[in-house]
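> my questions are about this predicted structure, shown below with the sequence.
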Amino acid sequence: MTRVGVLTSGGDCPGLNAVIRAVVRRGERHWGDELVGFHDGWDGVIEGRWQALDVEAMRGYLARGGTM
C-alpha cells in the first residue's frame, strides 16, 4: 500500500473539492492507497497537520463552499 498526500495551495477555485474527492475515490477503490490531506497548504506539511482521507471523510464536501 502506498501513502499519498493531497495538498492544495494558492487559494480556492471552483471544482477543487470534486477533484480531491475523485483522487480519494480512485486511489482507495482502485489501487488500495492510503490518502492523507494536509491542512493549510504547505504549513500543514511542515507542521505535520494532516488527516486521513477516505470515501466516508469526503462525504458532503461537494456541497460546501471553499476547499476542504
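Great, that's in hand.

> quick one, strands of the chain?
Per DSSP state E, the chain carries strands over the ranges 3-6, 34-38, 50-53.

> each with direction, which strands does the second one pair with?
By that I understand strand 34-38. In the sheet, strand 34-38 lines up against strand 3-6 (parallel), strand 50-53 (antiparallel) (DSSP bridges).

> lowest-confidence stretch among those?
When the strands paired with strand 34-38 are compared by mean pLDDT, strand 3-6 comes last with a mean of 90.

> report the buried residues of it.
With burial defined by 16 or more other C-beta atoms under 10 Å, the residues of strand 3-6 counted as buried are 4, 6. For glycine as for every other residue, the C-beta is placed from the backbone atoms N, C-alpha and C.

> got the CA coordinates for it in CSV?
Output in CSV follows, covering the C-alpha atoms of strand 3-6 (Å, rounded to 0.1, in the frame of the first residue of the first chain):
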residue,chain,number,x,y,z
ARG,A,3,0.5,6.6,1.2
VAL,A,4,-0.4,9.6,-1.0
GLY,A,5,-0.6,13.1,0.3
VAL,A,6,-3.1,15.6,-1.2
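
> so what does Gly15 have for phi and psi?
When read as degrees, to the nearest 10, the backbone of Gly15 gives phi 90, psi 0.

> mind listing what the closest residue in space to Gly5 that isn't next to it in sequence touches?
Distances taken as C-beta to C-beta, 6 or more residues apart in numbering place Val36 nearest to Gly5, at 5.3 Å, with adjacent residues excluded. With contact taken as C-beta atoms under 8 Å, 6 or more residues apart in numbering, Val36 is in contact with 3-6, 50-53.

> okay if I get the residues you listed as JSON lines plus distance to His30?
Formatted as JSON lines, these follow (distance: C-beta to C-beta, whole Å):
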{"residue": "Arg3", "distance to His30": "16"}
{"residue": "Val4", "distance to His30": "12"}
{"residue": "Gly5", "distance to His30": "18"}
{"residue": "Val6", "distance to His30": "16"}
{"residue": "Trp50", "distance to His30": "22"}
{"residue": "Gln51", "distance to His30": "21"}
{"residue": "Ala52", "distance to His30": "18"}
{"residue": "Leu53", "distance to His30": "15"}
